[in-house]
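Student: Here is the input, now give the coordinates:
(2 chains)
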Amino acid sequence: MIVDLSRPLTRIEAAAYGTVGVLLFLGIWSLLSLSGAAPREFLPTPYQVATRFGQLLSTQFAGATLPQHLVSSIMRFAYGFLLGAAVGIPLGLLMGWFRVLDEIVSPVFDAFRFIAPIAWVPFAALWFGTGIGGPILIIFAGAFPPCLINSYRGARFVSRPLIEAAQMLGTRNLHIILEVLLPASTASIVAGLRVSAGLGWQSLIGAELIVASTGVGFMMVQAQLNIATATVMSAMVAVGIVGFLIDAGLRWIEAAVRRRGFA
Amino acid sequence: MAAITFDAVRKAFGGKIGFVALKCVDLAIADQEFVAIVGPSGCGKTTSLRLVAGFEFPTAGSVKVDGRRVSGPGPDRAVVFQQFALFPWKTVFDNIALGLRNKGIAKAERNSRVAKAITLMNLEGYEAAFPHQLSGGMQQRVAIARAYVLDPDVLLMDEPFGSLDAQTRTTMQEELVRLARLIPRTVLFVTHAVEEAVYLADRVAIMTRRPGRIKEVIDIRSVRVAEKWDQHERIEDVMDLESFIHWRTHIWRSLREEKSAQER
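Tutor: Residues are numbered from 1 along each chain as shown, chains lettered A, B, ... in the order given. Alright, predicted model coming up:
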């Protein structure tokens, strides 16, 4: 029998295979921790993590319940992410239109974007102490580059005739950015926001490991100090789920935007 | 009044693959005249049109519209592009309305003018559609409506039917003739389809191979009037006329000479 591995799958098949993947993962994990291949304190079983996760929903750990920690993390993330988008998107569009600005910004930016957000931790602490500015700076460092790159690429590669059509219709220079470059780059920008949200959310946890006094990252550090591995893993699960939900939201926006002709 | 004049126009493109696109183009197009430029591919016919549109500027010589040097693109010289260049995120209505909005025309007047253009191009019922929901022919109707609604002095059409299938193309050619009668404008029409040029134009300018110049200008209008082409409603009937065939073949031969010289 020939099996065509590249044939398209139905929704149900896709969901079934997804479930297989999850079960396989949980199975291997259980096997590792139950068999004693890894000491139980170092690798809690999925069941232990699930139970602990349930407890944390209502009982406090390190001064707050898991949902409370999550809310404070999400707020920090939102500030840094929105700041990254608010600076990155307009700057990218302007760089895509004005060559001079492109030449001025690009060398600095191209070096900046290779510095891991975590590298800003010492300065985040020095400049902002334990205030909210520190985590925001770190998330910004993660979220800003993809916003800029994608809006820049979007603006730079707008089809020439569209710009010329707008000019022929009497659209003034700066209006072309709003009237043509922005809408023509929307799909690219939203794709950038997804990458940006991913990097921002990842760097947030790193930032909280060091500077914050609440948040999922902070919670993980506290749990780590007590070797409460099931708690650490519960936080990891929460981080994964929230990250997934943020991405799902942005994917939904992406699809909506495409339906409106912003391809 | 809008006459177009090319006066000893030279256009060279720089860069790594620098080349001379146009070498001494002289051409005068009268007000409300329909002139088609034909020529072998790469001869610079589109470049000539882009000079009038203000997307490019001549290296030497001058391109004038109404006696004024072209200094950039503007709504007095509406362009219809081969690839339509409609804004995919705007509805048909908003695509057509953009030029009027830029002119600062009040909403009531804008809406009535757009509605008129929509009727003119038989686009009723598609006002709220997005371009990607329309066929190529319909998209080009929108692009033509977008140009006409500006009430421009000059219409610049760059192989507007080049990407349409043969049947749609024929319909659009007939429509364009109807439109040109109804609302006469100065038209510069670039095409590589000889029959299209002969059918549509008052005069056909034949360009040489690159670097392009005007090789020959043929007065079709006097033939059309003398041979009463306009009595025939359908394009195929006109194309059957001896006078049509004569000039079509004449231009065809002239182009072929250029082409074979290019290949040599």
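
Student: Those residues of chain A touching chain B, which are they?
Tutor: Neighbours of chain B within chain A, by CB under 8 Å from any CB of the partner chain: A:159, A:161-162, A:164-172, A:175, A:179-180, A:183-184, A:186, A:260-263. Heads up, the C-betas are built off the backbone N, CA and C, glycines and all.

Student: now, which of those residues lie within helices?
Tutor: Counting by DSSP state H, the part of the residues of chain A next to chain B found in helices is A:161-162, A:164-168, A:175, A:183-184, A:186.

Student: rewinding a little: buried subset of the residues of chain A next to chain B?
Tutor: A:161-162, A:164-171, A:179-180, A:183-184, A:186, A:261-262 (16 or more other CB atoms under 10 Å in any protein chain shown).

Student: circling back to that earlier point, would you mind giving the ones in helices among the residues of chain A next to chain B as a markdown table with distance to A:Trp29 and pLDDT added?
Tutor: A markdown table is the format used below for those (distance: CB to CB, whole Å; pLDDT from 0 to 100):
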| residue | distance to A:Trp29 | pLDDT |
| --- | --- | --- |
| A:Pro161 | 55 | 94 |
| A:Leu162 | 51 | 96 |
| A:Glu164 | 58 | 96 |
| A:Ala165 | 57 | 96 |
| A:Ala166 | 56 | 96 |
| A:Gln167 | 60 | 96 |
| A:Met168 | 62 | 96 |
| A:His175 | 56 | 91 |
| A:Pro183 | 46 | 93 |
| A:Ala184 | 46 | 93 |
| A:Thr186 | 41 | 92 |
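
Student: separation between B:Phe244 and B:Ala197?
Tutor: 11 Å (CB to CB, to the nearest Å).

Student: Tell me which residue is most central in chain A.
Tutor: Against the mean C-alpha coordinate of chain A, by CA atoms, centre = their mean, the closest residue is A:Gly198 at 1.7 Å.

Student: Return the residues in contact with that one.
Tutor: A:243, A:247 (CB atoms under 8 Å, 6 or more residues apart in numbering or on different chains).

Student: so where does it fall, helix or strand?
Tutor: If you go by DSSP states H and E, A:Gly198 is part of helix A:182-210.

Student: Hey, what's the angle from that helix to helix A:160-168? Just curious.
Tutor: 110 degrees (axes from the mean of the first three to the mean of the last three CA atoms, to 10 degrees).

Student: List the buried residues for whatever helix or strand comes next after helix A:182-210?
Tutor: Of the helices and strands lying after helix A:182-210 in sequence (DSSP H and E), the nearest is helix A:216-225. Judged by neighbour count (16+ other CB under 10 Å), helix A:216-225 contains these buried residues: A:216-223.

Student: One more: stretch B:53-60?
Tutor: Buried positions in stretch B:53-60, judged by neighbour count with 16+ other CB under 10 Å: B:53-56, B:58.

Student: Residues contacting that stretch, please?
Tutor: Residues from elsewhere that reach stretch B:53-60 (CB under 8 Å, 6+ apart): A:164, A:167-168, B:8-12, B:22, B:47, B:50-51, B:70-74, B:77, B:79, B:156.

Student: Could you tell me which of these count as buried?
Tutor: A:164, A:167-168, B:9-11, B:22, B:47, B:50-51, B:70, B:73-74, B:77, B:79, B:156.

Student: circling back to that earlier point, and the helix holding A:Gly198, how far out from the chain middle?
Tutor: 5 Å (CA atoms, centre = their mean, to the nearest Å).

Student: Residues of the stretch 1-150 of chain B that sit close to chain A?
Tutor: Residues of the stretch 1-150 of chain B lying near chain A (CB under 8 Å from any CB): B:53-55, B:72-75, B:77-79, B:81, B:83, B:85-90, B:98-99, B:102-103, B:130-132, B:146, B:150.

Student: rewinding a little: so which of the contacts of stretch B:53-60 are in strands?
Tutor: B:8-12, B:22, B:77, B:79, B:156 (DSSP state E).

Student: between the residues you listed, which is nearest B:Leu182?
Tutor: For those, the minimum distance to B:Leu182 (CB to CB) is 18.8 Å, reached by B:Leu156.

Student: Test my guess that that closest one contacts B:Pro75.
Tutor: No: at 11.9 Å, B:Leu156 does not count as touching B:Pro75 under the criterion of CB atoms under 8 Å.

Student: ok, now how distant is B:Asp7 from B:Leu27?
Tutor: 9 Å.

Student: Comparing those two, which residue is more hemmed in?
Tutor: Using other CB atoms under 10 Å in any protein chain shown as the criterion, B:Asp7 and B:Leu27 rank with B:Leu27 on top: 20 against 16.

Student: any idea which helix is longest in chain B?
Tutor: Chain B, longest helix under DSSP H: helix B:242-263.

Student: do you know how far the residue nearest to the centre of chain A is from A:Ile253?
Tutor: Distance, A:Gly198 to A:Ile253, by CB to CB: 15 Å.
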